[in-house]
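>>> This is a predicted model, with the sequence first.
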Amino acid sequence: MTETTQNSSSLAQKFTQLQNATKTTQNTIPKIQKVPHYLRGREHFAKHYSPKLVAIGPIHRNDSNLELGQKYKLIWAAMYLERTNQDAKNLFQKILSNIGRLKELFADDVIEKLTDEELSWMLFVDGCSLLQILDKGKPHASQEINVKIDQLVLVLHDILLLENQLPFDVLKLLSTHGDDDTLLIRSMNNFLECNHHLSPRRPEIGQGTTKDEDRELAEDGGYVSVYIKNEDTLRGEHIKCPFHLLDQLRRHVLDDTDQSKTNNQNTNEDCMTTYRNITELRAVGIKLKSTESRSRRYISFSYRWMCLCAELMLPEILVDDTTATTYLNLIAYETCPDFENKFEICSFVAFMDSLIDHPEDVKELRKAKVLRNALGSDEEVAQLFNTISADLMPNPEIYSKVRCQIEKHYRNRWRTWIALGYQSHFSNPWAIIAFLGAIVALILTFIQTWLAINPVD
């Protein structure tokens, strides 16, 4: 074949690829994949995406720094098999027989060098060890997985990294719960609530609730299997299962079981934000208050006492050594090209960054019991939010209503003066007493002056 013919053939292939490009369908579910390079490549950020002790899944399996973790995984897998009284060969065969379907849950570049048997063995060992961690990995009982407390902290850090995830389907095949997704998801939730300072979910249907409460919960929906209970039957209706543990953490943080109180509404008003931070909001009479829920969705702005008091309601958040890693991996997950979402975590971090510029802003959040600082100084917390929010593209519709409400208050001088007056004189009992004392003193002064001018005969 001549060089001209080869070039013509190559060019024809390129045109064929161009014509077929629009026929490429997007994945219906996210795949286990690497952190996008434009996130990992940022200065000082790579450490937040890499495991420190244990590699779960194929991406970091050949890291020489994680050899100790490989030994631990075998121990945890053996502990899980012994505890659940399952046969290792049968479980491995279950993974191997489903490997064709499971491979579709991984990006091609992370499993291309693995044979089906190698991948099946890895999923078998890693899956069993992860299930053991979910059930027994508690900070107060590190001996349950045969590690010291400092190593357990590293394990809890590693299993929530985006590049260290296993598909829910793998865990389901290895779990003793069979086709009951509810119990496996409950195990995930218990682990997250215990180890990551998350508030417990509302009671699940059929778990200590009345029939009327069951029906109400069923109407609310949820991520686990919803059970509608009556006198004779227990009917299961499967909703949506998480894709992996990090996905379940994101859902737990957002509390997607109840979206009725969110402020994600779009607004037709075009509000350009001119306020800077919490210090400025406090200066115009806006008071901070913590919501009962920790869901990042529940942010609202409202007036009380006939518009005398302006309040910005924010969810309580704990900032500690794990906060940066947790948020950065959730953000990386939201930016994966095959994960359709509304960028709720990105939007929350960007919103908090708009409120926090200086340590004084963090101090106001602490005083309002919105933020618990377990990291160190207020300056470190301010720097953390300013850093992790860099280069984010939040959803402009999320919190748009709240932003516009704050902006309207910020621009309205009358409301600002009223709110400041309320904050100065009615925000606490001592201020009220001082205000009333001033009024009484003014009245007495007026009476004394009047009597001096008009003495009584």
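That came through fine. Numbering: from 1, shown residues only.
>>> Could you use CA atoms for every contact and neighbour count after this?
OK.
>>> what about stretch 47-58, how long is it end to end?
For stretch 47-58, the separation between the terminal residues is 18 Å (CA to CA, to the nearest Å).
>>> what about it, distance to the chain center?
Distance, stretch centre to chain centre, for stretch 47-58: 19 Å (CA atoms, centre = their mean, to the nearest Å).
>>> Report the rounded mean pLDDT for that stretch.
Mean per-residue pLDDT for stretch 47-58: 95.
>>> For it, buried residues please.
48, 49, 50, 51, 52, 53, 54, 55, 56, 57, 58 (16 or more other CA atoms under 10 Å).
>>> What lies in contact with it?
35, 40, 60-61, 65-66, 68-70, 73, 110-111, 119, 122-123, 126, 151, 154-155, 157-159, 161-166, 324-325, 328-329 (CA atoms under 8 Å, 6 or more residues apart in numbering).
>>> Recalculate using a threshold of 7 Å.
61, 66, 69-70, 110-111, 122-123, 126, 154-155, 158, 161, 164-166, 325, 329 (CA atoms under 7 Å, 6 or more residues apart in numbering).
>>> Okay, buried residues for the lengthiest helix in the chain please.
Ranked by residue count under DSSP state H, the longest helix found in the chain is helix 429-453. Under the neighbour-count criterion of 16+ other CA under 10 Å, helix 429-453 has nothing buried.
>>> what's the answer for stretch 161-170, then?
Of all the residues in stretch 161-170, those buried under the rule 16+ other CA under 10 Å are 161, 162, 163, 164, 165, 166, 167, 168, 169, 170.
>>> Skip the chain neighbours and tell me the closest residue to the second one.
I take that to be residue 162. residue 329 (5.7 Å; CA to CA, 6 or more residues apart in numbering).
>>> Return the residues in contact with the one you found.
By CA under 7 Å, 6+ apart, the neighbours of residue 329 are 49, 161, 162.
>>> Serialize those residues to a markdown table and add fields for distance to residue 102 and secondary structure.
Shown next, in a markdown table, are those (distance: CA to CA, whole Å; DSSP: H, G, I helix; E, B strand; the rest coil):
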| residue | distance to residue 102 | secondary structure |
| --- | --- | --- |
| 49 | 24 | coil |
| 161 | 20 | coil |
| 162 | 18 | helix |
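>>> which one of the residues you listed sits closest to residue 187?
Minimum distance to residue 187 across the contacts of residue 329 is 18.5 Å, recorded for residue 161 (CA to CA).
>>> What separation do you get for the closest one and residue 113?
22 Å.
>>> Quick one: classify residue 405 as helix, strand or coil.
Assigned with DSSP: H, G, I helix; E, B strand; the rest coil, residue 405 falls in the helix class.
>>> beta partners for the closest residue to it other than its chain neighbours?
Once flanking residues are discounted, residue 405 sits nearest to residue 301: 6.7 Å by CA to CA, 6+ apart. On the basis of DSSP bridges, residue 301 is bridged to residue 312.
>>> circling back: narrow the contacts of stretch 47-58 to those that are buried.
Among the contacts of stretch 47-58, those buried by neighbour count (16+ other CA under 10 Å) are 61, 66, 69-70, 110-111, 122-123, 126, 155, 158, 161, 164-166, 325, 329.
>>> What about those residues, which are in helices?
If you go by DSSP H, the buried ones among the contacts of stretch 47-58 have 69, 70, 110, 111, 122, 123, 126, 155, 158, 325, 329 in helices.
>>> Among those, which one lies nearest to residue 297?
Residue 297 lies nearest to residue 329 out of these, by CA to CA, at 18.5 Å.
>>> Let's see the pLDDT reported for that closest one.
96.
>>> Check the average confidence over stretch 354-373, would you?
Rounded mean pLDDT across stretch 354-373 is 93.
>>> Helix, strand or coil: sort out residue 303 for me.
When classified by three-state DSSP, residue 303 comes out as strand.
>>> Verify the stated contact: it with residue 313.
No. Assessed by CA atoms under 7 Å, residue 303 is found out of contact with residue 313, at 10.9 Å.
>>> if you count what's nearby, which of those two comes out ahead?
Comparing residue 303 with residue 313 by other CA atoms under 10 Å, the one with more neighbours is residue 313, at 19 against 13.
>>> residues in contact with that one?
So residue 313 contacts 288, 289, 290, 291, 299, 300, 301 (CA under 7 Å, 6+ apart).
>>> of those, the lowest pLDDT goes to which?
Lowest pLDDT of these: residue 291, 85.
>>> and that residue, how many neighbours?
17.
>>> show me what contacts it?
For residue 291, the contact set (CA under 7 Å, 6+ apart) comprises 313, 314, 315, 316.
>>> Identify the residue spatially nearest to it, adjacent ones excluded.
residue 315 is the one closest to residue 291 (CA to CA, 6+ apart), at 5.1 Å.
>>> Which secondary structure element of this structure has the lowest mean pLDDT?
strand 226-229 (a mean of 30; mean pLDDT, DSSP states H and E).
>>> Among the buried residues of stretch 47-58, name the ones in strands.
Counting by DSSP state E, none of the members of the buried residues of stretch 47-58 fall within strands.
>>> Name the member of these with the shortest distance to residue 409.
Comparing the buried residues of stretch 47-58 against residue 409 with CA to CA places residue 48 closest, at 38.7 Å.
>>> how about low-confidence regions in the chain?
Along the chain, the model assigns pLDDT under 70 to residues 1-8, 22-28, 196-239, 256-271, 305-308, 413-432, 434-435, 456-457.
>>> what residues go with each domain of it?
37-176, 197-258, 278-425 (automatic domain parsing).
>>> can I get these in TSV with distance to residue 182?
Shown next, in TSV, are those (distance: least, CA to CA, whole Å):
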stretch	distance to residue 182
domain 37-176	11
domain 197-258	5
domain 278-425	21
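>>> can you tell me which of those domains comes nearest to residue 187?
Distance to residue 187, taken as CA to CA, is lowest for domain 37-176 among these, at 6.6 Å.
>>> Quick check: end-to-end length of the closest one?
38 Å.
>>> Check the offset of the helix or strand encompassing residue 332 from the chain's centre.
Per DSSP states H and E, residue 332 falls inside helix 323-334. Centroid displacement of helix 323-334 relative to its chain, using CA atoms, centre = their mean, is 8 Å.
>>> One more: stretch 62-82?
With CA atoms, centre = their mean, you get 28 Å for stretch 62-82.
>>> Please point out which parts of that stretch sit buried.
By neighbour count on 16+ other CA under 10 Å, the buried set for stretch 62-82 is 66, 69, 70, 72, 73, 75, 76, 77, 78, 79, 80, 81.
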